[in-house]
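Peer 1: fold the following, please.
(2 chains)
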Amino acid sequence: MSSLLRKDLKILARSRLLVCLLVLYPVAIALLLGFAISRAPAKPRVAIVDETAPGETVQVGTQRVEVGRYARQLFNQVDAVSVSSRAQALAKVKTADVLAAVVIPSNIAARVGSGTAQGELEVIYNGDALEQSLVQSQLRSALAQANLGFSEQIQKAAAQAIEALLRGGSLGVRGTPQNLIGLRQIPGMLHSLIARTPAGAERDALRRIETFAEFAAQNLTLSKRVLATVGQPIRIRSVLLHGRRTPLDKFAVAAAVSVSLMFIAVLLAAGSLALEREERALARLARGLVSRELLLLEKVLLAAAAAFVVALAMLAGVGAFVSIDWGRAGQWVLALAAGGLAFAALGVAIGALARETRAASLLAFLLSLPLALLALVPAVSVGHALYDAISVISFVFPFKPALQALDTAVNGASPSLAGSLAHLLGLTLLFGALARAGLRRLD
Amino acid sequence: MSAALRVEALSKRYGELYALRDVSFEASHGEVLAVLGPNGAGKTTLLSILAGIQSPSDGSVSTEPREVGWAPQQPAVYGKLTVRENLELFARLERIENPGEAVARMLEQAALTARADDRVEVLSGGNRQRVNVAVALIGRPAVLALDEPSASLDPAQRERLWRFVDAMAAEGTTVVFSTHNASEAHSHAGRVLVLDAGSVLFDGEPEALLERAAAPGEQRDLDLERALVRFLEREGAGGA
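Peer 2: This is a model prediction of the structure:
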């Protein structure tokens, strides 16, 4: 086998363009994919025109909420560009300097404060249908977040006004009466007054007022809680059922390295086996000089080793930019080795079918890329039946188990590597057997 | 003299189709045997079975595949390796005791010493074919099977190749080669085997084929090519 390995290494060393493509192309694709996965959706760049007067407030009972708070909430949700007029905002949208513009009209405080009409914002879009859809979706989400924040402010002000009504005393607001009686105090005060009042119509009237005051205090106390519920009817509490959560950037590292591992191992194994046919040397080798099993083993080991070295270097290189746990390096080695072997076995199965290296490389590429992308499809993004089909396909090809193994090895995404390693070993044997069947034909 | 190669009742079937049917012949040490016949006659199948590339459906071959040096029609060597590296690789795979010496010997016999460090991909077709044959001979096989060795070579390249093969035969190697070129068979083979539709139609010296091709009372043709065509027209499966 050492003679064959030396021969293949010499051929590789003399095919510099092929080696460059074989290494650079997968690494480039892996980095692009990793970047695409790890990058959180950017905040939309939006021009904001605040036409309200500085310091303008919305009156909520005895409380006031500054309208500027709404603008600040909105500023937090988008990449905000403050402009002074609607005309400026329109110009920025037209020149695509911003994706959209939001105009906060001068009458918004009056409308919100009226309690009978909603405030209205003007949103100005540009761009084609796809851009509009994307911007509208992002902006709707940003506005919903800003609305929620503003409604919390109003709700808080309303709750403070109710509390003042219940508690009484000084409200601390200029122009309001001092030392007011609180609604909660009225029943107690009336009770002692009723005790001193002789039976009759006056006492009955006082009793009715006492009952009303108790009822009103109870219901106003409840209304504070109702306000909170109406402001945010449903809160979200996240519970992760399976495994440990991997941060997106670290998952992207595992995905990018898996893609490189896959392309190098599959393309190299497929190409080097197909080269034996292309050079018509397969028949010469297999007629007693080298057993077909040994030939396959040599190709698998060569491709897996090359992919392992590049993937390990890539992982170590990425480690300079993303914090990864070097204490788990032993597990990386296991995951990369098992993944490399399984991908190389898939490669020789492809190479055994092809008569020439170009056909083998094309077939390997056409098969590998969709499989990798399919394995990254989240369950929630497609229907049940389609996801089941994708799961079956992903199960019988090595990308998903290799990604799971690497995610576990690098990020501790699940408690044990053993399951993924066993899966990869099974696929190595399966594709090795298919490759052996493909080599029955020697011409 | 004992036969270096004995083929007995060899048949190869693909389903209902016979590629070879009950083929038997012997060849002695140093004998050069040409296998002639039209396309589809079974020449390549016969050589592939001798080389161990295919297994027969019936019959037997006296030699083991490892005892047969095989040179397919298209050179089966690595273009990115040099002539020397190709020979060294196959010498090691043949487990030859002293690969360096075997390589030097083959380079000299194949007149390729001057091109030893050139990559095969830059050689002419004739030189590649000599490398192809040299690789087949590196393990000093008793029998050399050549499948249309001179196809696509120019006359000068063909001449150099035959000098090399004839020298091997002179050293005792039994050579079995297939060809469409009857005059080449006439020049280099001591015996010809004519196959048609998988069966042996003739086995003997070229002169005997010339005799047999002539109709009774007709003058014997001196050109083996024309004689072979006439013979196949008269006695072959596609003939009258």
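Peer 1: ends of stretch A:106-124, what's the gap?
Peer 2: Taking CA to CA, to the nearest Å, stretch A:106-124 runs 17 Å from one end to the other.
Peer 1: give me every residue that touches the residue lying closest to B:Val68 once chain neighbours are set aside.
Peer 2: Spatial nearest neighbour of B:Val68, excluding adjacent residues (CB to CB, 6 or more residues apart in numbering or on different chains): B:Val143 at 4.7 Å. The C-beta positions use only the backbone N, C-alpha and C, and glycine is treated the same way. Shown in contact with B:Val143 (CB atoms under 8 Å, 6 or more residues apart in numbering or on different chains): B:4-5, B:27, B:50, B:63, B:67-69, B:173-176.
Peer 1: ok, and the most crowded of those residues?
Peer 2: B:Val176 (27 neighbours; other CB atoms under 10 Å in any protein chain shown).
Peer 1: quick revisit: partner residues bridging the residue nearest to B:Val68?
Peer 2: B:Val68, B:Thr174 (DSSP bridges).
Peer 1: one more: the one 4 residues further on?
Peer 2: With beta bridges defined as DSSP bridges, B:Asp147 has these partners: B:Ser178.
Peer 1: list the contacts of it.
Peer 2: Per CB under 8 Å, 6+ apart, neighbours of B:Asp147: B:43-44, B:47-48, B:70-73, B:177-178.
Peer 1: quick check: it vs B:Ala76, distance?
Peer 2: Look at B:Asp147 and B:Ala76: by CB to CB, to the nearest Å, they are 10 Å apart.
Peer 1: ditto for B:Glu235
Peer 2: Following CB to CB, the distance that separates B:Glu235 from B:Ala76 is 35 Å.
Peer 1: okay, the two: which has more neighbours?
Peer 2: Between B:Glu235 and B:Ala76, B:Ala76 has the larger neighbour count (other CB under 10 Å), namely 22 against 15.
Peer 1: what about that one, which SS state?
Peer 2: coil (DSSP: H, G, I helix; E, B strand; the rest coil).
Peer 1: setting aside sequence neighbours, what's the nearest residue to it?
Peer 2: A:Arg280 (4.0 Å).
Peer 1: isn't the one you found right next to B:Pro75, touching?
Peer 2: Yes. Counting by CB atoms under 8 Å, A:Arg280 does reach B:Pro75; the two are 7.2 Å apart.
Peer 1: what does chain A put close to chain B?
Peer 2: Counting by CB under 8 Å from any CB of the partner chain, chain A comes close to chain B at A:3-4, A:7, A:10-11, A:14-15, A:279-281, A:283-285, A:287-290, A:442-443.
Peer 1: please pick the buried ones from those residues.
Peer 2: A:3-4, A:7, A:10-11, A:14-15, A:279-281, A:283-285, A:287-290, A:442 (16 or more other CB atoms under 10 Å in any protein chain shown).
Peer 1: among the residues you listed, which are in helices?
Peer 2: Judged by DSSP state H, those include A:3-4, A:7, A:10-11, A:281, A:283-285 as members of helices.
Peer 1: turn these into CSV, columns for distance to A:Gly327.
Peer 2: Converted to CSV, those look like this (distance: CB to CB, whole Å):
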residue, distance to A:Gly327
A:Ser3, 40
A:Leu4, 38
A:Lys7, 40
A:Lys10, 39
A:Ile11, 39
A:Ala281, 46
A:Ala283, 50
A:Arg284, 49
A:Leu285, 44
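Peer 1: residue 120 - how many residues pack around it?
Peer 2: Since no chain was named, I'll use chain A. A:Glu120 has 12 nearby residues by other CB under 10 Å.
Peer 1: to clarify, I was referring to chain B.
Peer 2: Residues lying near B:Val120 (other CB under 10 Å) number 21.
Peer 1: and the gap between it and chain A?
Peer 2: Distance, B:Val120 to chain A, by CB to the nearest CB, to the nearest Å: 9 Å.
Peer 1: tell me the contacts of that residue?
Peer 2: B:75, B:77-83, B:86, B:128, B:131.
Peer 1: do B:Ala19 as well
Peer 2: By CB under 8 Å, 6+ apart, B:Ala19 lies in contact with B:12-13, B:42, B:45, B:198.
Peer 1: secondary structure element for the residue of chain A positioned farthest from its centre, which one?
Peer 2: Within chain A, the residue lying farthest from the chain centre (CA atoms, centre = their mean) is A:Pro198, at 72.8 Å. If you go by DSSP states H and E, A:Pro198 is not part of any helix or strand.
Peer 1: who does the strand or helix carrying A:Glu298 touch, helix- and strand-wise?
Peer 2: Here A:Glu298 sits within helix A:292-318, counting by DSSP H and E. The elements that helix A:292-318 packs onto, with contact taken as 3 or more CB pairs under 8 Å, 6 or more residues apart in numbering or on different chains; DSSP states H and E, are helix A:2-13, helix A:16-38, helix A:248-278, helix A:281-286, helix A:329-353, helix A:418-438.
Peer 1: so how far is that helix from its chain's centroid?
Peer 2: 32 Å (CA atoms, centre = their mean, to the nearest Å).
Peer 1: so A:Thr197 touches A:Arg207, yeah?
Peer 2: No. A:Thr197 lies out of contact with A:Arg207 (CB under 8 Å); the separation is 9.3 Å.
Peer 1: which residues sit in contact with the residue nearest the centre of chain B?
Peer 2: Among the residues of chain B, the one closest to the centroid is B:Phe177, at 1.9 Å (CA atoms, centre = their mean). By CB under 8 Å, 6+ apart, B:Phe177 lies in contact with B:32-35, B:145-149, B:165, B:189.
Peer 1: among these, which lie within strands?
Peer 2: Judged by DSSP state E, the subset of the contacts of B:Phe177 located in strands is B:32-35, B:145-147.
Peer 1: for chain B, what spans make up the strands?
Peer 2: Going by DSSP E, chain B shows strands at B:3-14, B:17-28, B:32-36, B:58-61, B:68-71, B:143-147, B:174-178, B:191-196, B:199-204.
Peer 1: so where's the longest helix in chain B?
Peer 2: Per DSSP H, chain B has its longest helix at helix B:155-170.
Peer 1: centre of the chain versus that helix, how much separation?
Peer 2: 12 Å.
Peer 1: buried residues in that helix?
Peer 2: Quick answer for helix B:155-170 (16+ other CB under 10 Å): B:157-158, B:160-162, B:164-165, B:168-169.
Peer 1: kindly report the same for stretch B:39-50.
Peer 2: Within stretch B:39-50, the residues scored as buried using 16+ other CB under 10 Å are B:41-50.
Peer 1: where among the helices and strands packed on helix A:292-318 is average confidence lowest?
Peer 2: Mean pLDDT values for these show the minimum at helix A:16-38, a mean of 74.
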